[in-house]
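Visitor: need coordinates for the below:
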Amino acid sequence: MAFVCKYVALYVPDLRAAEDFYRRVFGVEPLFREAERDGQWWAVPDGRTWDDVLAAGVEIRMTALRRDALVLALFHGEPRPGTVHEVSIGLDPSEIEGLGERPPDGLRIVERREGFLRFDDPFGFRWVVQRPDAVFRSSGEIAGRWLDV
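Guide: As a prediction, the model looks like this:
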């Protein structure tokens, strides 16, 4: 049986801004939004916009975004340092190049090379986007730094 990442769930301080940012960065699309009432989650009906929901006096507390098989679930809250080190996803090299050449506002590039981009987002998370077929390797190996042991 394959081990496959199905979703990543993150706390963000501004759901609407985070949804917009991640849509522009990763090309994810809204799957659903939810509000919390009396300790229970309530789904926002399909087709309702942020403005529709806010006009009705409802506060969205979770938004789920999807691209292919991966769901990015965003919850309203404050991320805590140390909760997540970084998240890595595979993207087509042309998308990686586009992000590096035209980073959206709030995206701070930390490291960039062909087929690889590491960046911090405005919500306190570090991301790595790389080719889908990239193999997880030691940073020391990649840089040619080996301990003398």
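Visitor: in contact with Asp133, which residues?
Guide: Taking Cβ atoms under 8 Å, 6 or more residues apart in numbering, we find Asp133 in contact with Gly90. For the C-beta atoms, the positions are set from N, CA and C on the backbone; glycine is no exception.
Visitor: now with 10 Å, please.
Guide: By Cβ atoms under 10 Å, 6 or more residues apart in numbering, Asp133 lies in contact with 90, 115.
Visitor: which helix or which strand is home to it?
Guide: Using DSSP states H and E, Asp133 is not contained in any helix or strand.
Visitor: give me the pLDDT value at it.
Guide: pLDDT, Asp133: 85.
Visitor: now Ser138
Guide: 64.
Visitor: now swap in Gly39 and tell me
Guide: So, for Gly39, pLDDT stands at 81.
Visitor: residues in contact with it?
Guide: Taking Cβ under 10 Å, 6+ apart, one finds nothing in contact with Gly39.
Visitor: also the one 4 residues further on?
Guide: Shown here is Ala43, whose contacts under the criterion Cβ under 10 Å, 6+ apart are 32-35, 62.
Visitor: out of the residues you listed, list just those in helices.
Guide: Of these, none are assigned to helices by DSSP state H.
Visitor: can I have the buried ones of these as a PyMOL selection?
Guide: To isolate the buried ones among those in PyMOL, judged by 16 or more other Cβ atoms under 10 Å, type:
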select buried, resi 33+34+35+62
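Visitor: which residues touch the closest residue in space to Val110 that isn't next to it in sequence?
Guide: Closest residue to Val110 apart from its sequence neighbours, by Cβ to Cβ, 6 or more residues apart in numbering: Arg118 at 4.6 Å. By Cβ under 10 Å, 6+ apart, the contact set of Arg118 is 86, 88, 109-112, 126-130.
Visitor: give me the buried entries from those residues.
Guide: Buried among those by 16+ other Cβ under 10 Å: 127-130.
Visitor: out of those residues, who's nearest Gly27?
Guide: Nearest to Gly27 out of the buried ones among the contacts of Arg118 is Val129 (Cβ to Cβ; 11.2 Å).
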